[in-house]
Each structure stands twice: as C-alpha cells, then as structure tokens.
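Participant: okay, sequence plus prediction incoming.
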Amino acid sequence: MASVRFTVTPTKAEDVPGLSDTSPDVSSRSSGRVRFGSRESVNRSEPPSEASGAVTAGTDTPDRTNAEQGDGSAKISSVYINNSHAVDDDDFYDRNLALFEEEMDTRPKVSSLLNRLANYTNLTQGAKEHEEAESIGEKRKPSKSPQMGTFMGVYLPCLQNIFGVILFLRLTWVVGCAGVLQAVCIIFTCCCCTMLTAISMSAIATNGVVPAGGSYFMISRSLGPEFGGAVGLCFYLGTTFAGSMYILGAIEILLMYIVPSAAVFVSSDADGEHAAMLNNMRLYGSVFLLLMSLLVFVGVKYVNKLASVFLACVIISILSIYTGALVSAFSPPPFPVCMLGNRSISGHVAQLYGCSKTVTEDVRQDDANATANGTLAPPLLPAARHSELWNVFCNSSQTNTSCEYYLQNNLSTIEGIPGLASGVIRENLWSSYLSKGEVLERGSEPPPSVEHQSTHLPFIFADLTTSFTVLVGIFFPSVTGIMAGSNRSGDLKDAQRSIPIGTILAIFTTSIVYLSCAILFGACIEGVVLRDKFGDSVNGNLVVGTLSWPTPWVILIGSFFSTCGAGLQSLTGAPRLLQAIAKDNIIPFLRVFGHGKANGEPTWALLLTALIAELGVLIASLDLVAPILSMFFLMCYLFVNLACALQTLLRTPNWRPRFSYYHWTLSFLGMIICLVLMFISSWHYAIVAMVIAGMIYKYIEYHGAEKEWGDGIRGLSLSAARFALLRLEEGPPHTKNWRPQVLVLLKLDEDAHVKSPRLLTFASQLKAGKGLTIVGTVISGNFLHSYGEALAAEQTLKHLMEKERVKGFCQCIVAQKPREGISHMIQSSGLGGMRHNTVVMGWPTAWRQSEDPQSWKTFINTVRVTTAAHLALLVPKNISLFPSNSEPWTEGTIDVWWIVHDGGMLMLLPFLLRQHKVWRKCGMRIFTVAQMEDNSIQMKKDLATFLYHLRIDAEVEVVEMHNSDISAYTYERTLMMEQRSQMLRQMRLSKSDREREAQLVKDRNSMLRLTSIGSDDDDDTDGAAGTHAERGGASAPENSRVHMTWTKEKAQQLLSHQLNTSGCSTPEGFRDMLSIRPDHSNVRRMHTAVKLNEVIVNKSHDARLVLLNMPGPPRNPDGDENYMEFLEVLTEGLERVLLVRGGGSEVITIYS
C-alpha cells in the first residue's frame, strides 16, 4: 500500500523540544524542510483497515511527534498519512543514506525489501499480473502460514492421483495380452516418461516460487502465453476426460461386479448385450456426473475431506492384492475355470449347466420277469445322457462345425488362480494379442483343428483388437497425476524442497507397485483368466479381486470408492485450471469462465467441465476414453520437458533451480519418449491433439498475447535473432535476396498526430508483410525534457502500425534540429545485417506558399543524406490521393518512366506493389526515352528481351525526344523562378518572427527579436520527415537576439534599415532585381523538366501511378530552391507520382 509521507527536518535543535504530542501543526512550530515522499507499506501482520481513514487538513488526526533530548541533538519520528503504523525516520531516511534519499521511493532500502520478502504469502514478487490482484485498500484477512510437509502435502496426493481405475480394472488384462515381459516394458517406459518429466518439473518448480496454479503456471511462465495457453487447455481437457474415465470405471465396477441387477437396459440376445451395457454406462454415468458436479458446486471442502478416505481405500486394496498373492503360494483361492479344449467357457454357463458333456442319472428299467400283478417295482440303474451344453453347441440353430468342435474336445476344469508357486509365469511370459471377436484360448494348448467363432456360443470373446501400441495408450493414464504436488504449492511449508522429493518418491513407489503387480499377476493367475477383461470365466468376478485377500469385496469396495474420489478430484481441479487460464486473459473467448461465485469458486468453468466430461461419458468405453486423455497428458509432459531443456540450454540468468539433479539431455530424452508414446498409442489421436494445440497457439498469437512473463521462448527468440544477425553480418546480401527494407519517415503535428498516415499505408502495400519496416519520427527539443513526449509519439506510431497491419519497429529521436535528427536516424536505425536500405519520405506539400524555408531545406538535406549513405529513396507525391488498403482497383496501369538506370528499382517496385490486393489488377507499362542518335526500334527489342529474362510482364514503349530550341515558356519559367528566389532571399521573415511581431504590436510593450537577413541555419522548426515544433522558447541562440522597446521612432528606423540593407529602398533597387538574366544551366534544366513533363503527361495522364527517376540535388546548396522548382515542373499535371532514387547497387537480376 502506497502512502504519502511528510518528513520534517528541523534546522535548529532548540526548536524541537517545543513540540508536543498534541500539536496540530508541525510546520508552524519549526522552520524545517518538509519533504514529500511515498513508500510501500510492508507490514502485513496488521489489517490495513486500521489506517483506512484519510487524514484531512491535519486536524482530524493530530500529528504525533516524539522528541528525544540528548547531547544537543533531537530525533523526530516521521509523520505518515494513511499508514498503519509509525516508523522511525531512520527506516526510510537515514543520515548514512543521504546520497540515495531522492531515489528511495523507487529504490527502497534493503531492509525494507527483505521485510517484504520475509512476509511473503502466495504471490510472486515482481509478477505484476498477480500483484495487481491486491488492490489498494482491499481488506484481507491475515493468511495462515502454510504448514503442510512433504508427506502430507505432496507424497500422498500424488499417490492418490496416480493409483486409479486402470490398476484395478485393466492391469491384469494388459499383462494377459502383452505377456509379463512386454507388460513390464510398457510399465517401465511409461514410468520413465513420468520420472523424467518429474525431474524437469522439479527443476522448474524450484526455480523461484510457484503460486497456486501448478503445472499451468510453470508451463506458461516458462514457454510464454502462446504455448502456455495451448498446453494449458490440453492439460485441462486431459483432466476433464480423466474425470469421465474415472466415472466410467466406477459405473463398470458397480454394474458388472457389485450390483449387476441394477442394469436398466437388458438384452435377451447375446448380440445386444454389449449395446445394452453401453446404454447403461451412459445413463448411470450421466447421473453420477450430475451428482458429482453438484457436490463440487456445493462445496469443495467436502471433497477435500473425503480425499483421505478415498486414499485409504486405495492403499487397503493394494495391500490386499499383495497379501492375496503371498497367501496363494500356500492355499490358492478356489476359482475353477471350465475349459472346452483350450477355450474357456463362460462361468455363468458352466455354473448353470455344469462343466461336463454327460450327465449321469438313475433310470427305471422295465423287467420282463416281473409278475403280472406288478407287486415288484423295476430296479433303478445309472444311465448317462448329454448335458445341456450339448444342446448349446449341437442344437439345430448352430452349424455342424461348432458341434464337431464340441465332440472332438474334452471339457475340463482348471484352477483360475494356480498360485504363486505353480510356475504359471512361464506360460504368461509371452504375448497373446487378439483381434476383435476372437475366442480366448489357453496359450499352452495347441490350436484346435476346427476354427469357428460365434457370439452365440458360451465362449469368451475379445471385445477389442489388442496390440502393443493399443495397450500403451490404455495403460498410460495410470501413471498420470504427478502434478498433484505442484498444484498444492501454495499450501506447502517449503515447496522448493517438498515438490521434488515428494513427487519423485511417489513415482518411484507407484512404479515399484505397478511392476511388482504385473509380475505377481503373471505368476499367480492363469493366462486365459488374465485375458478375460470382465472376469466371465470366473463367474463374473473382477479378475484382480480373485487374487485379493480375504475376499474380493475388499477390492470391489475399495476400487469403487477410489475411482469415485479420483473423479471428484478431476472435477474439482479442471475448473480451477480453466479459471486460471481465463484470468490470465490470453484467450479472449474464455474470459467469461474466469468469473464464479463470491468466494471464488469457478461456477461457469465447472459447467463447461461437466459438459465436456459428458462427452466422454457418452463414449461409454473406458478403453476408448483412455487414449484421448493419454494424448493430452503426454503433450503437457512433453512441453514441461521442453521448458526445462530450453531454460538450461539458453542459460538464462534467472535459471537457478535449487533442484540440481537435472540435465538438458534428460529433459530431451523425456520429450522424445513423450512424443514417441503419443504416436505409438494412437497416431490419429496424436495428430488431432497437436492440431488442437496448434490452433490455440495461432489463435493466441493472432490476437496478440500482451503478456511478458520472461518465458523461455522469448529467450530462444533472442538467441535465434542473435545467431541470424551474426550470420547476416558475414557479407552483403546477394542481388537475388534484395528486398526493400524500409525506413518510413513520418511527420507529427503539434498534437502528436501523424500528418500523412497514407505513407504508412503505401509502405504496407509495398512490403506485403515481408522484410524489415522501421517507422521513425523526429521531435525537436531536448531529450531530458521531451522524453515523455517521445514516448507518446512512439505509442502513436505503434497504434497506427496496428491499424495499418504493418509489422515492424518504431523509433523516435529527440534532436535540437530536425535535419540532424533525421540524419542520425538514417545512420543508426537497424542492427547489424537487419538495416534499412530504402527510405520513404513525404513530399513537402505547399512548399512555395510556406513562410518557413526549413521545410524544403530539410527535405533536400535528407535526399543528400540518403545519397551519401547509398540508400534508395522513395518520395510519393500527392500521397493523400493514394489508395487505402480497402480500395482495390479493378483496372488501370502502373507506368514506369525509365530515364536513367538506378540498379533496377523502377522494375522491382511495380512487381512488389502488384503483390498487394490493391494493385493486383493493374497492368504495367514501361516507357524509356530515346535521343536522336539512338535506335528506338532496337531499344524496344532489347528492353522487351530484358523484361522477358526478368520474368516481368509489361508493355514496352520507347518515346523519342527530338532536339528542339528552348521555348519562350521555358525561358520565362526560369526567369520567374530566379526572380522569386531572389526576392524571398532578400525579404524573407521567418514564421516565428511574424508571430512575435504581431504579439509585439498588440501588447505595445514587448521584446523584439532580430534575425540576420538571409540566415537559413539559425532555426530548424519543421522537417519533411516527421518533426513538430518544440513548445515554448525560441530555438535561436541567445547571442542572435536583440531586445528593444517598441516605439514609433524605432520602428521607422528598423524599417528603413531593412530596406537599405536589402537594396530595395528605392524603385531602382527593384528595377535592378527585375532585370536579372536567368542562368544558362538553370534554363537547360528547366527545358529538360518541361519537355519530359509534356511527354509524361501525354502518355500517362490516366495512369493509376507513375514511377519516375528522381534527379539528384545540386552540389551547390545555393540552387536548392531551384531544384524544388525543377521537381515541381517535372511532375506537374500528374495525380499520383512516386519519385524513385536508387541506392547505387543492383537490386534485380536475370539469373536464377
């Protein structure tokens, strides 16, 4: 909180004791110096409401002073307004730090800074976007210091998030299909991926304080807003689909193993059972999602309180698996499996009909020797008949092959859980992948001679085509959840120590559990049971439940509650992640999701999360949802590794992680593993995820993410730019690579508005977004006084560049004289090889009527400077008539008048202009001038051939100019030009002089400034390349001013003195001036201008644009005004003219 402070420093020590504690006015009792300052309130232990009352006029709250006498000196406490406590004056102003007292408001004392850092809560110091959340005067409750340690804050939450539905529902199936060896390989690869990611994440998390926001905060602040937004949304989608997966897992446990009778949709047909089950999953999943969303909406505190219960369920379930595996070595649980040959029979059918081909029953047999009266009953004899299974396989609805298979193979019963000491692991080492619809078979038996697969038979069929890649995609979600510790960084006592230790230990623990479970499953459970995904062969029991001790219900109850808890955690975390992204305001259309309830709960984000999760629930298949969230999590982990590798390789000065056990090679290895796993598990999902992330990235980039987070991508850009600039320095660009790198000189008026914005429009049409564009302006004045004005001018240029969609840089120079500022800008703009080679400047409009000659003098000086620097120069004349970007022309021509060769600029410019939509439909005509001694026919052929080799389509015309005598019009025009120049040279008064003279006449008592007659270099007030007048004060040196009192006599003396010095005090003087003979060289130049203008107007009067060679200025500066006149005559009668002056180097070539 900023507060204004009055520091009173007395000049006399004896004045101090007179001050009392109740004195209402300190300054009236001591003749001290009162200094105003501001400092930031750093005491966060006291609520700011104590100081919220404003002090008015020093009377409502008396100023308190404390005088301490001792050895003749007094120490006075500071008087603070709107501050929560009084601090001794030495806290801010100390005699030992008097040298720095004027900068204490912007550069605080070290003690103050350390005090702020010691009272740090959960916000990053220096992170502007977070500090803005603390508005001035906002009442905050004193926050509790976080007390969670490594075990409770990181280790257990990571365990809860990593252990999930896949462990209980799919790990046995993965081991059965892939075999123990490949299953261990899958688990090891996935765990290596997460371990390497955790190492990279630990380095990022310990490189400074990570606020609540966790993984998204780390990625966005390390890779920038574009990558942060893209990966943040992918992580959000992954977390949301994880909620769908957990809900589907809970419904699968509920409907298949706990309460199968609760199914709403039931099918009597075997083919319709799968569809009925999917519908049940959709119905119950939607109901569960609604209930969970309501629970999250009502209060997250209930979810957090239940988290420990859910974690206990997970741990108890895992312990029961290990206990059951050990117990099975001595007494395997009785789970018989009925086999027909090497194929397993459904447990429900075997329980219903028995597992035998024949049934033995007692039958009464008639005896022939029985007595006629029937007093003796026939005896009971055992007889065998076909069991009901025979009707299933050999009834009329089945084919003969099924009956033949039934007759050729025997029915047998095997133990589904042989036990740890049975040696069944030898059979389960190798993979047994199946296609959809294939029958599950025992791997140790030879394949049957008769192959037939029908869903009406009581065999167990594969519902999914399996392969190594498919199993990777399904298993990977079981190792996600490693970000749980970093997400709680705000609640940790020492996050930089707890996050690495807790996360890596959790991954190590879960990896050991997964690997040991895979080996135990392969060593204890029969292979045909492992491949039975839903436990049909063991009477519909959960396969992993058959191994648990003491009862399968331990696993069922534990896994059900753990999956429900994991789903609640996902529905709690995903909306907060979306809210964090929305509050960063990098994706505009997500802004609405940053709002929520009064307590900050993300209501709208929860609604969107529930809708997206419903899409996953409607898929209704755990095996299809798992690869989707695998993609999003893998992409998130990939970019965490990329962020760590980039920061390490770039050696950013701020990259100083406390976690030192990392290396860029490990990060790159983790990144490669993530990328490989994405394409291994599902290449089409990987492409879709990348396309989504790419679209989000380009959307944020297009809308301009105005965030500066000091990210690694910015550092990478700087390194790449440095490398490219050093490469460009190796030599000048080849002619084939030449393109106009433009420096646009704009002129600002007194209100800092651009006078000719069409200049920038023309530059954008010429560049079409390619190459370098620098927009510059010059401000007259002193840099120390005009710095704020320069910043405002720079902002004006930036807004204009955004409006015209010009991508480039702007530069503003403050100089005493505009021509010097322009010269400095032309010399110093750009860096290394990225320097401008072309200058675009405006034509000084109405220079003839201008009372100030500096306008056109600065223009000519700029022409000379660009020529000396060997730069090309483009001067659009009548720029206000040029088209805007929204006015494309449908017809017309661009006429090029190629009079002298200037490196090919005249050929290249029309080609570049026609790349833009405004000029695209304009044709191109090239005119050249032939003298009497030239062969115009051959010139036309050569020019056409030259254009053909240049690959430029244009009409060619050679204009013959015959030698003719100088006309009277030319002579008269030259004479008028020289007479005008002479008169202005003698009678000129600057604009500032006239304004000052009018003010003197009005006031009758003012100062008069005399300037030297004909002085051109005293005052530069306006430049042709973007200057505006310096407010206040004249720019002429003080020694050139003569101050007089304005009286009638002195005015007459001054007038007579001016007339006498100018030689025009008599009519003879004017007569001498009018009798001037024009200079012969001027007459010749005027003749050329008049003749060329006649030809150009005759041929190109209806052209959309005329490009013309610009003649150079005279070497003698005395003829500058005549040079302007020549250019006016040359371009007279033409609407849009572009004067082109080459830089002296070839810019176009016929070679490839």
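Facilitator: The structure has been received and is ready for your questions.
Participant: show me which helix runs longest in this protein.
Facilitator: helix 214-253 (DSSP state H).
Participant: now do the buried residues in the next helix or strand after that helix.
Facilitator: Per DSSP states H and E, the first helix or strand lying C-terminal to helix 214-253 is helix 273-298. Neighbour-count burial for helix 273-298, counted by 16 or more other Cβ atoms under 10 Å, picks out 276-277, 279-286, 288-289, 292-293, 295-297. All C-beta spots, glycine's among them, are computed from the backbone N, C-alpha and C.
Participant: also stretch 228-243?
Facilitator: Residues of stretch 228-243 classed as buried by neighbour count (16+ other Cβ under 10 Å): 228-243.
Participant: what's the closest non-adjacent residue to residue 879?
Facilitator: Among residues not flanking residue 879 along the chain, residue 758 sits closest, at 4.8 Å (Cβ to Cβ, 6 or more residues apart in numbering).
Participant: low-confidence stretches in the stretch 1001-1150 of the chain?
Facilitator: Counting by pLDDT under 70, the stretch 1001-1150 of the chain has low-confidence residues at 1001-1081, 1119, 1146, 1149-1150.
Participant: check what pLDDT residue 2 gets.
Facilitator: Note on residue 2: pLDDT of 43.
Participant: if we can go back for a sec, in contact with the residue nearest to residue 879, which residues?
Facilitator: Counting by Cβ atoms under 8 Å, 6 or more residues apart in numbering, residue 758 touches 876, 879-880, 882, 884.
Participant: filter the residues you listed to the buried ones?
Facilitator: Burial by neighbour count, 16+ other Cβ under 10 Å: within the contacts of residue 758 this picks out 876, 879, 882.
Participant: about what we covered before: and which of the contacts of residue 758 is nearest to residue 635?
Facilitator: Nearest to residue 635 among the contacts of residue 758: residue 884, at 43.0 Å, using Cβ to Cβ.
Participant: let's verify the closest one: helix, strand, or coil?
Facilitator: Here residue 884 is recorded as coil under DSSP: H, G, I helix; E, B strand; the rest coil.
Participant: my read: it touches residue 760, true?
Facilitator: No: with contact defined as Cβ atoms under 8 Å, residue 884 does not count as touching residue 760 (10.8 Å).
Participant: helices of the stretch 1051-1152 of the chain, residue ranges please.
Facilitator: For the stretch 1051-1152 of the chain, the helices defined by DSSP state H, counting those that start in this stretch occupy 1067-1074, 1080-1100, 1120-1130.
Participant: please convert these to CSV, extending it with distance to residue 953 and mean neighbour count.
Facilitator: Below are the helices of the stretch 1051-1152 of the chain laid out as CSV (distance: least, Cβ to Cβ, whole Å; neighbours: other Cβ atoms under 10 Å):
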stretch, distance to residue 953, mean neighbour count
helix 1067-1074, 54, 12
helix 1080-1100, 18, 18
helix 1120-1130, 28, 21
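Participant: kindly reformat these as a markdown table containing distance to residue 791.
Facilitator: Converted to a markdown table, those look like this (distance: least, Cβ to Cβ, whole Å):
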| stretch | distance to residue 791 |
| --- | --- |
| helix 1067-1074 | 50 |
| helix 1080-1100 | 44 |
| helix 1120-1130 | 34 |
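Participant: closest to residue 793 out of these?
Facilitator: The nearest among those, by Cβ to Cβ, is helix 1120-1130 at 27.4 Å.
Participant: from the contact counts, what lies against the closest one?
Facilitator: For helix 1120-1130, the packing partners by 3 or more Cβ pairs under 8 Å, 6 or more residues apart in numbering; DSSP states H and E come out as helix 854-868, helix 968-987, helix 1080-1100.
Participant: and the angle from that helix to helix 854-868?
Facilitator: Calculated by axes from the mean of the first three to the mean of the last three Cα atoms, to 10 degrees, helix 1120-1130 forms an angle of 90 degrees with helix 854-868.
Participant: mind listing the strands for the stretch 601-750 of the chain?
Facilitator: 742-745 (DSSP state E, counting those that start in this stretch).
Participant: what stretches of it score poorly on pLDDT?
Facilitator: Using pLDDT under 70, the stretch 601-750 of the chain drops low at 704-713, 729-737.
Participant: which non-adjacent residue is nearest residue 412?
Facilitator: Closest residue to residue 412 apart from its sequence neighbours, by Cβ to Cβ, 6+ apart: residue 339 at 5.0 Å.
Participant: oh, that last question was meant for residue 925, not what I typed.
Facilitator: residue 955 (4.5 Å).
Participant: next, find the distance separating that neighbour from residue 584.
Facilitator: For residue 955, the distance to residue 584 equals 57 Å [Cβ to Cβ, to the nearest Å].
Participant: which one's more surrounded, the two?
Facilitator: residue 584 (22 against 13; other Cβ atoms under 10 Å).
Participant: wait, the more buried one sits on residue 220?
Facilitator: Yes: Residue 584 is within contact range of residue 220, at 7.1 Å (criterion: Cβ under 8 Å).
Participant: touching both of the two, which residues are there?
Facilitator: 228-229.
Participant: helix or strand: which one has the closest residue in space to residue 914 that isn't next to it in sequence?
Facilitator: Spatially, and ignoring its direct neighbours in sequence, residue 914 is nearest to residue 920 (5.7 Å; Cβ to Cβ, 6+ apart). Assigned by DSSP H and E, residue 920 belongs to no helix or strand.
Participant: next up, phi/psi of residue 920, please.
Facilitator: According to degrees, to the nearest 10, the main-chain angles of residue 920 amount to phi -60, psi -40.
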